[in-house]
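Q: model the following, please.
(4 chains)
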Number of protein chains: 2
Amino acid sequence: MPSIPSSILNLMDNYLPAQFQALGDRTRFAVVERLLNGPASVSELAKPHDMALPAFTKHLGVLERSGLITSTKAGRVRTCAINPKAFTDIEQWFLDRRAHWDSRLNRLAQHLSETDGD
Amino acid sequence: MPSIPSSILNLMDNYLPAQFQALGDRTRFAVVERLLNGPASVSELAKPHDMALPAFTKHLGVLERSGLITSTKAGRVRTCAINPKAFTDIEQWFLDRRAHWDSRLNRLAQHLSETDGD
DNA sequence: AAATAACTTAACCAATCAGCTAAGTTTCTG
DNA sequence: CAGAAACTTAGCTGATTGGTTAAGTTATTT
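A: Below you'll find the predicted structure:
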């Protein structure tokens, strides 16, 4: 059974560290929180941040390359929006790890209670 | 003994960008995934990573300063463990934002249906 | 007591990052 | 069509990051 080469899968694969790194900057984190209220243009998003536009648009580039946001240009205005799937994926990672973590603790507790009287 | 005001502690506390940044590196991300299986010593954690120990312990420093992990030294062995509260806090951020996001979409849908016949 | 194990500290280096200014492009407005 | 608005591209810079080696410290083993 021929399968998709892992080189391609790896590209498709949502790589969480890239998304965490994107969120790991005050400015980008604030942009994401803003966009959770709905889409906005570049200049609208930039307004609260005390920096020149080129610096700011680099941040948007990082967010977009990580997959956390999307953007489309209409006329001279670029509009940015949250990519909900990226958030669902990260959320899922936390849910999975929590489930794993909890079951580990349960096994531990089980083991401790079973060996209690030894 | 003068102490750090709680107002400042609260600001330091739970500063998500720092935690995201800590997770935004392959090595540190892998360490966290490993620690979700249970505590481990520094050299145990370092083994799978092809780098000298000083480089590796810097990563542990970043993780610990962010609050994602804790460590204690017994004899010459430092043992690292997950700090579950940090994970709960991040998880909570995602749950909160999702709730907010969903209610925004609901309001939007509501609005669209109410103005449907205009 | 000497050797080894498990880090730790210090000093350095290359690469990436976050910012800047200046100049360019495209699209709207008057 | 001239000018302004909304980015975009290019090139520079200082700070931070992720790595290195060499040498030190502290605890255990033999």
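Q: list the helices and strands the host helix or strand of A:Val31 packs on?
A: Element membership for A:Val31 (DSSP states H and E) is helix A:26-35. Here helix A:26-35 touches helix A:16-23, helix A:42-46, helix A:53-66, strand A:69-74, strand A:77-82, helix B:16-23, going by 3 or more CB pairs under 8 Å, 6 or more residues apart in numbering or on different chains; DSSP states H and E. (C-beta placed from N, C-alpha, C; glycine too.)
Q: residues from chain A in reach of DNA strand C?
A: For chain A, the residues in contact with DNA strand C (CB under 7 Å from any atom of the strand) are A:21, A:25, A:27, A:50-52, A:54-55, A:58-59, A:62, A:74-76.
Q: and those residues, which of them are buried?
A: A:Gln21, A:Asp25, A:Thr27, A:His59, A:Val62 (16 or more other CB atoms under 10 Å in any protein chain shown).
Q: need the contact list for the spatially most central residue of chain A.
A: The centre of chain A sits closest to A:Gln19, judged by CA atoms, centre = their mean, with a distance of 4.1 Å. Contacts here follow CB atoms under 8 Å, 6 or more residues apart in numbering or on different chains; on that basis A:Gln19 touches A:Ser66, A:Gly67, A:Leu68, A:Ala86, A:Asp89, A:Ile90, B:Gly24.
Q: centre of the chain to the strand or helix carrying A:Leu112, how far?
A: A:Leu112 is located in helix A:84-114, with elements delineated by DSSP H and E. Chain-centre distance of helix A:84-114: 19 Å, with CA atoms, centre = their mean, to the nearest Å.
Q: for the helices and strands packed on helix A:26-35, give me TSV that also has mean pLDDT.
A: Shown next, in TSV, are these (pLDDT from 0 to 100):
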stretch	mean pLDDT
helix A:16-23	97
helix A:42-46	98
helix A:53-66	98
strand A:69-74	98
strand A:77-82	98
helix B:16-23	97
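Q: next, format the ones you listed as a markdown table and append distance to A:Asn106.
A: Output for those, formatted as a markdown table (distance: least, CB to CB, whole Å):
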| stretch | distance to A:Asn106 |
| --- | --- |
| helix A:16-23 | 25 |
| helix A:42-46 | 44 |
| helix A:53-66 | 34 |
| strand A:69-74 | 38 |
| strand A:77-82 | 35 |
| helix B:16-23 | 25 |
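Q: quick one: these as JSON lines, columns for distance to DNA strand D too.
A: Listed next are those as JSON lines, based on distance: least, CB to the nearest atom of the strand, whole Å:
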{"stretch": "helix A:16-23", "distance to DNA strand D": "8"}
{"stretch": "helix A:42-46", "distance to DNA strand D": "3"}
{"stretch": "helix A:53-66", "distance to DNA strand D": "3"}
{"stretch": "strand A:69-74", "distance to DNA strand D": "5"}
{"stretch": "strand A:77-82", "distance to DNA strand D": "4"}
{"stretch": "helix B:16-23", "distance to DNA strand D": "7"}
